[in-house]
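Colleague: With the input below, show me the fold.
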Amino acid sequence: STTLTYAKMMKIAVLAALAGSAAAFAPSPVAQTSRTALSADFSKELGAQMPLGFIDPLGLVADADQDEFDRLRWVELKHGRVAMLAVTGYLVTYAGVRFPGAEDIPSGFAALDNIPGMVWAQLIATWTMMEAANQDQYASPWGTNQNALGDSPAEFKGDFRNGALDFGWDKLSDDAKMRKRAIELNQGRAAQMGILG
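Modeller: Numbering: from 1, shown residues only. Alright, predicted model coming up:
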């Protein structure tokens, strides 16, 4: 048994020596240059907060500039808002609440197979109108910063206030606005995870 142990130790030592000598002939790493003129630091941006801080597991902003980061943040915010509505709808239908005439449609994802075609058409038409109605509120995602009212009243991408619905936003301090936006972003992230299961 000791001979077997020494044999294993010798094999491991030989493999370690071979790996070490092979590393000497490996190509040296080449410095990667960024596609942007200045490397942007996104670790202080809205959404980089406890417990994870700034996290980019897919490397989507590794070579991104501020405009691309803002676009991705807008996409995250939008998907978070949709996911919050989806979670709410899932929970409401699971509790048994139904529209009149839809009492026989099951709750949850089982409902997708039972929704009539005209309801799908109405959903798609509603989504299209919502996208068209909100496209001019900021410079993204369609590149316009003007609407029928002149300059955009929006403070950030995703700010859809229209003068009628404000809920006291203009009275908040800048710090309070950032806290509210961070809360919405985190709740959207949680809803995205929640609706995925």
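Colleague: C-alpha from now on. contacts and neighbour counts both.
Modeller: OK.
Colleague: quick one, what contacts Gly108?
Modeller: Shown in contact with Gly108 (CA atoms under 8 Å, 6 or more residues apart in numbering): Tyr90, Thr93, Tyr94.
Colleague: what's the closest of these to Ser173?
Modeller: Of all those, Tyr90 has the smallest distance to Ser173: 34.7 Å, by CA to CA.
Colleague: can you confirm the closest one is in a strand?
Modeller: No. Read with DSSP: H, G, I helix; E, B strand; the rest coil, Tyr90 is helix and lies in no strand.
Colleague: Give me the pLDDT value at the residue nearest to it when sequence neighbours are not counted.
Modeller: Nearest residue to Tyr90, sequence neighbours excluded (CA to CA, 6 or more residues apart in numbering): Gly108, at 5.5 Å. Looking at Gly108, its pLDDT stands at 80.
Colleague: Now the buried members of the contacts of Gly108.
Modeller: Tyr90, Thr93 (16 or more other CA atoms under 10 Å).
Colleague: Show me what secondary structure element comes after the helix or strand that His79 is a member of.
Modeller: Secondary structure from DSSP states H and E places His79 in helix 66-94. Downstream of helix 66-94, the first helix or strand assigned by DSSP H and E is helix 117-134.
Colleague: Give me the helices and strands touching that next one, please.
Modeller: Contacts defined by 3 or more CA pairs under 8 Å, 6 or more residues apart in numbering; DSSP states H and E place helix 117-134 against no helix or strand at all.
Colleague: Show me what it is in contact with.
Modeller: Phe160.
Colleague: Can you list the low-confidence ranges for this structure?
Modeller: 1-40, 52, 133-153, 161-166 (pLDDT under 70).
Colleague: what do you get if the cut-off is 90, keeping everything else the same?
Modeller: Along the chain, segments meeting pLDDT under 90 span 1-78, 89-90, 93-94, 96-119, 123, 127-172, 174, 177-186, 189-190, 196-197.
Colleague: Please tell me how far Pro116 sits from Asp104.
Modeller: Per CA to CA, to the nearest Å, Pro116 is found 12 Å from Asp104.
Colleague: Now do the shared contacts for these two.
Modeller: In contact with both Pro116 and Asp104: no residue, using CA under 8 Å, 6+ apart.
Colleague: Need the three-state assignment for Ala176.
Modeller: Ala176 is classified as helix under three-state DSSP.
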